[in-house]
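J.: Quick one: sequence and predicted model below, then my questions.
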Amino acid sequence: MSYQVAQDAIERAWRDLVATARRTATEGLVVGTSGNVSVRVGPLVLVTPSGVAYDRLAPEDAVAVDLDGNQVLGDLAPTSELPLHLEIYRNTHAGAVVHTHAVHATAVSTLVPEIPLIHYMAAAMGGPVRVAAYALYGTEELAENMLGALHERTACLLQNHGTVAYGDSLDQAYDRTAQLEWMCRVWLTAASVPGYAPTLLSGSQLREVSEKLQGYGQPG
C-alpha cells in the first residue's frame with residue numbers, strides 16, 4: 001500500500017519529534033535510550049527508533065509505520081513499545097504520544113492504583129490518573145492494560161514502568177507528561193512528612209476545575 005504524505009511534512013514532524021525526545025532526556029524524564037516518542041502525520045506514525053540515543057538521531061534516521069505496524073520509512077527498527085503507541089492512535093484522536101520512565105511517577109506506580117488527588121491539574125488529564133497493571137514491556141498485554149487505564153483520560157502510569165501521555169500535538173503530550181511527573185513528586189513529598197497526611201481534593205472540586213479549564217488560555 002502506498003501513502004501520499006508530503007516529504008516536507010515528514011521532515012518537520014521528525015524534527016519536532018527528535019526535539020521532544022531530547023527534551024525528555026535533558027529534563028530527566030528518561031535515562032539513556034529509555035522512553036519513546038511518536039507523532040502522527042496523516043496515515044503514518046513517526047516513532048523514535050529502538051536503542052538509539054536521542055542526541056545521535058539525524059534527519060535520515062526517520063522511522064515511520066502505518067497503523068497496522070508495517071514499517072514504511074527508515075532502516076532503523078522502531079521502538080519496542082510500538083504496540084503501546086499504535087493502540088492509542090487506533091482508539092483515540094491523539095496526534096502525539098510521549099512515554100517516559102520518570103522517577104517520581106514510576107515510584108508512585110508501585111504504591112497506589114491511581115494518583116491521589118493532590119492537585120487540580122489532574123482535571124487536565126480527564127480525572128484521577130490511573131495505574132495500568134504491570135505487563136512485560138513491548139507486549140500487546142501491556143498495550144491493552146494501558147488502554148484500560150486511559151479510558152476517558154489522556155495520561156496514565158504503567159506499574160513498575162513509567163508514564164504515558166497523549167495530546168493533539170507533541171507540545172501537549174509533553175506538557176501532560178511533565179505535569180504528571182510534577183503531581184507525583186508533590187504527592188510523594190507531602191506523603192513523606194511524618195505525622196501528616198496530605199489533604200486531597202474531592203470529586204466535586206475536580207469537576208469544578210474541569211469546567212473552568214474549558215475556558216483556560218487565550219481566546220480564539
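T.: Done, it's in. Numbering: from 1, shown residues only.
J.: Check what pLDDT G220 gets.
T.: Per-residue confidence at G220 stands at 59 (pLDDT).
J.: go on, Y3?
T.: 64.
J.: Over to the one 3 residues further on?
T.: Predicted confidence (pLDDT) for A6: 85.
J.: ok so V37 is a helix residue?
T.: No: assigned with DSSP: H, G, I helix; E, B strand; the rest coil, V37 falls outside any helix and is strand.
J.: in terms of contact, does it touch E81 like I think?
T.: No: counting by CB atoms under 8 Å, E81 is not a contact partner of V37; they are 10.2 Å apart. Placement of C-beta: from N, CA and C, glycine included.
J.: Give the intersection of the neighbour lists for the two.
T.: Residues touching both V37 and E81 (CB atoms under 8 Å, 6 or more residues apart in numbering): H99.
J.: Output the lowest mean pLDDT helix or strand found in the protein.
T.: helix 203-213 (a mean of 92; mean pLDDT, DSSP states H and E).
J.: Contacts made by that helix with the rest, please.
T.: Contacts for helix 203-213 (CB under 8 Å, 6+ apart): 117, 120, 122-124, 127-128.
J.: 7 Å instead?
T.: 117, 120, 122-124, 127 (CB atoms under 7 Å, 6 or more residues apart in numbering).
J.: helix, strand or coil for the spatially most central residue of the chain?
T.: By CA atoms, centre = their mean, the chain has its centre lying nearest to A165, at 2.5 Å. Of the three states, A165 takes strand according to three-state DSSP.
J.: For the chain, just list every one of the helices.
T.: 7-26, 82-91, 103-109, 140-149, 170-191, 203-213 (DSSP state H).
J.: CSV for those helices, including mean neighbour count?
T.: As requested, the helices of the chain are exported to CSV (neighbours: other CB atoms under 10 Å):
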stretch, mean neighbour count
helix 7-26, 17
helix 82-91, 20
helix 103-109, 21
helix 140-149, 18
helix 170-191, 20
helix 203-213, 13
